[in-house]
Structure formats: structure tokens, C-alpha cells
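J.: need a structure here:
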Amino acid sequence: MIAFIVRRLWQAALVMLVMSLLVFMGVFVIGNPVDVLISPDATQEIRDRVIAQYGLDLPVWQQYLQFMSNLLHGDLGRSFVYNMPVSELIASRLPATAELALTAVFMASLIGIPLGIYAGYKPDSWASKIIMALSILGFSVPTFWIGLMLIMVFAVQLGIMPAGGRGATISVLGVPVSFLTLDGLHHLALPAINLSLFKLSLMIRLAASGTREIMLTDTIKFARAAGINERTILRRHVLRLISIPLVTVFGLELGSTVAFAVVTETIYSWPGLGKLIIDSITSLDRPVMVAYLMLVSLLFITINLIVDLSYAVLDPRMRQGGGK
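T.: Numbering: from 1, shown residues only. Predicted structure coming up:
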């Protein structure tokens, strides 16, 4: 197990190195931040001074080496627009995105997995057919359209939910959270529901297909022949056997939700990383763009490592293989 962890960490470091090069070069070719930072009416002397201040007069390879040197020392650079360290800027926005993503993924899992197991356990019932039909809608309808419809119905017409913002927050271990306040829950509900619908549909269909396949195996036949009741079969056998693909999807969807909650955060004016990256792209704030993409890469690598390690806990065969 230790050798596996060391090997994966080495692979992760190599992937992060390649990603840093691709991200830096990709962001470098997108526009010229000087056109945004400096007024067109500025003199050439002012332009030269600002360009030298941000190191934009250096060759690309030298800017990359300087970026990597600062990164190894924990310095992600300084935002061109906000004029503050990028690490502080991201740290101030990350709790909002993490709260929204965790709420959406946990909501999708807690609702989708039981519904999917029921749909796979009784595939011919009318309730199962309704569940599977609704899951198709979750895949088909665009997220931005659902978000706008939720605002129109619950915020505009009924007036029972806020249309945007994060609401009141309280500090827990220095981290502001909104789900512990009533006003924060009101603001969190609509964006969390909007963000969770696609994940909910995915969990339903994955759990349903896995349950239907496992119910036809000899394991379930032997369990029924031994007199084990159906509730115990579903809890101890079916749920355990479908847990590996569910854990994989849970981890990947959590990472993608944190990384790509841009649409939802923009629609609901949620002050998270998604809205920050949109504003940074608009203003060509290179340090923020590079830091965000590096953070997303690190997030996916970390989640993949955690998912791989969880396999050994869920599947005894992998533990035995690792021991050998």
C-alpha cells in the first residue's frame, strides 16, 4: 500500500508539472493584459513602467520559470485587477464554492442512490418508470435554463426564495458558512438544487443499472436461498457491490462540481470561484486564471488518489492483491 501511495504521488507530481506548462502557455496566448491594465491615454513611459512591474516584458520561458519558482515557495502571484495575493483571493472565494458543491453532491447522492436502487430492484413498477423518466430530463435540460426557471417560479412569481447572493454567514473555525443560518439556507437552496439535478440523474441511472445487474447474480440467489430478507440483501449485498462505481462517480462529480460550477454561480450571483474565474477571463487577470486552473488540476488528482485508496477499503480482493 505504501509503495502504491508513493507511486501515485510521483505520478501526481509529474502530472502537475505538465499541467503547469500547458496552463501557463495556454493562458499566455489569450490576449494581452496590458490592454486592460493600462488606459489607452497613458504615456509610453507609464506603459513601460507597468509592463516591467508585472514582468510582462520578459520572454515566455523566463516568465514560466519565475512562476514555477514562486509556486514552489507557495506564491501564486498577485492579481492584476484586485491588487492582492492570488492565494488570499482564492481562499476568500473557495468556501462558498465548496459549500455549494458539497451540498449539491451530497443532496444528489442521498436522494439519487435510494431512488436508483428502488428502480433497479423493481424495474417494472410504475414508480420505477417515473423515476427513470425524470432522470432522463435531468440529463437533457440545460442547467442554465433550469436555473432561470427556478428563479422565475420561486423568486419572481411566488416570492418565497431569494434570486441570488449567499445570504447571512457565520464563521466556523475561521471559515464563513451559510448553511447554518436560516437566511443562508434560503439563499443556498435554489443554486444547490440547480447544481445537483445532473448529478442526481447520474446517480439514479448508475445505481439502477448496477442494482438490476446484481439482482440477477448467483450471490443474490444464494442469499435468498439462505433465508435472508430482502431489506438485508439490499443493504449488505447490493449496496456494497455497487459502492465502487458510486464512489468513483461521487469523487469525480465532486471535483467537477467544484471546478465547473461557473454557470450556477453566475446565474445566482454566488460569490465563489466560478464567478471569480469568469471575471478574471473578462479582465485577462492571468495570475488568477493560472492559479485557478492549477487548483482544479490538483483537486482532480487528489480526489482520484482518494478514490483509488477507497477501493481497497470497499473491495477485499484489492487488499489481497496489494498484499501479494
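
J.: Every contact and neighbour count from this point should use C-alpha atoms.
T.: Noted.

J.: buried residues in stretch 71-85?
T.: 76, 77, 78, 79, 80, 81, 85 (16 or more other CA atoms under 10 Å).

J.: What distance do you get for the nearest residue to the third one once chain neighbours are set aside to residue 151?
T.: By that I understand residue 78. Take residue 78 and drop its neighbours on the chain: the residue closest to it by CA to CA, 6 or more residues apart in numbering is residue 85, 4.3 Å away. In this view, residue 85 and residue 151 are 35 Å apart by CA to CA, to the nearest Å.

J.: Is it correct that the residue nearest to residue 78 is in contact with residue 91?
T.: No. With contact defined as CA atoms under 8 Å, residue 85 and residue 91 do not form a contacting pair (10.0 Å).

J.: Among the buried residues of stretch 71-85, name the ones in helices.
T.: In this view, these have no member that belongs to helices under DSSP state H.

J.: Pick out the most distant pair among these.
T.: Within those, two members stand farthest from each other by CA to CA: 76 and 81, at 14.6 Å.

J.: Now do the buried residues in the helix or strand harbouring residue 12.
T.: Following DSSP states H and E, the helix or strand that holds residue 12 is helix 2-28. Buried residues in helix 2-28, counted by 16+ other CA under 10 Å: 8, 12, 16, 19, 20, 23, 24, 27, 28.

J.: These: which two are farthest apart?
T.: It's 8 and 28 that sit farthest apart of the buried residues of helix 2-28, by CA to CA, at 29.7 Å.

J.: Let me see the confidence value for the residue lying closest to residue 301 once chain neighbours are set aside.
T.: Counting by CA to CA, 6+ apart, residue 301 lies nearest to residue 12, which is 6.3 Å off, once chain neighbours are set aside. With respect to pLDDT, residue 12 has a value of 79.

J.: Might you quantify the distance of the host helix or strand of residue 137 from its chain's geometric centre?
T.: Element membership of residue 137 [criterion: DSSP H and E] is helix 126-140. On the basis of CA atoms, centre = their mean, to the nearest Å, helix 126-140 sits 24 Å off its chain's mean C-alpha point.

J.: pull the CA atoms of that helix into PDB?
T.: Provided in PDB are the C-alpha atoms of helix 126-140 (Å, rounded to 0.1, in the frame of the first residue of the first chain):
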ATOM      1  CA  TRP A 126     -44.800   2.400 -12.400                       C
ATOM      2  CA  ALA A 127     -42.800   4.300  -9.800                       C
ATOM      3  CA  SER A 128     -39.500   3.000 -11.300                       C
ATOM      4  CA  LYS A 129     -40.600   4.000 -14.700                       C
ATOM      5  CA  ILE A 130     -41.400   7.500 -13.500                       C
ATOM      6  CA  ILE A 131     -38.000   7.700 -11.700                       C
ATOM      7  CA  MET A 132     -36.100   6.700 -14.800                       C
ATOM      8  CA  ALA A 133     -38.100   9.100 -17.000                       C
ATOM      9  CA  LEU A 134     -37.300  12.000 -14.700                       C
ATOM     10  CA  SER A 135     -33.600  11.100 -14.700                       C
ATOM     11  CA  ILE A 136     -33.600  11.500 -18.400                       C
ATOM     12  CA  LEU A 137     -34.900  15.000 -18.000                       C
ATOM     13  CA  GLY A 138     -32.000  15.800 -15.700                       C
ATOM     14  CA  PHE A 139     -29.600  14.900 -18.400                       C
ATOM     15  CA  SER A 140     -31.500  16.600 -21.200                       C
END
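
J.: mean confidence for it?
T.: For helix 126-140, mean pLDDT rounds to 87.

J.: so the following helix or strand past that helix versus helix 126-140, what angle?
T.: The element immediately downstream of helix 126-140 (helix or strand, assigned by DSSP H and E) is helix 143-150. Put simply, helix 143-150 runs at 110 degrees to helix 126-140, going by axes from the mean of the first three to the mean of the last three CA atoms, to 10 degrees.

J.: can I get the CA coordinates of helix 143-150 in CSV?
T.: Coordinates of the C-alpha atoms in helix 143-150 are reproduced here as CSV (Å, rounded to 0.1, in the frame of the first residue of the first chain):
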residue,chain,number,x,y,z
THR,A,143,-28.5,23.8,-16.4
PHE,A,144,-28.8,27.5,-17.1
TRP,A,145,-32.4,27.1,-18.3
ILE,A,146,-33.4,25.2,-15.1
GLY,A,147,-31.7,27.9,-13.0
LEU,A,148,-33.6,30.6,-14.7
MET,A,149,-36.9,28.7,-14.4
LEU,A,150,-36.3,28.2,-10.6
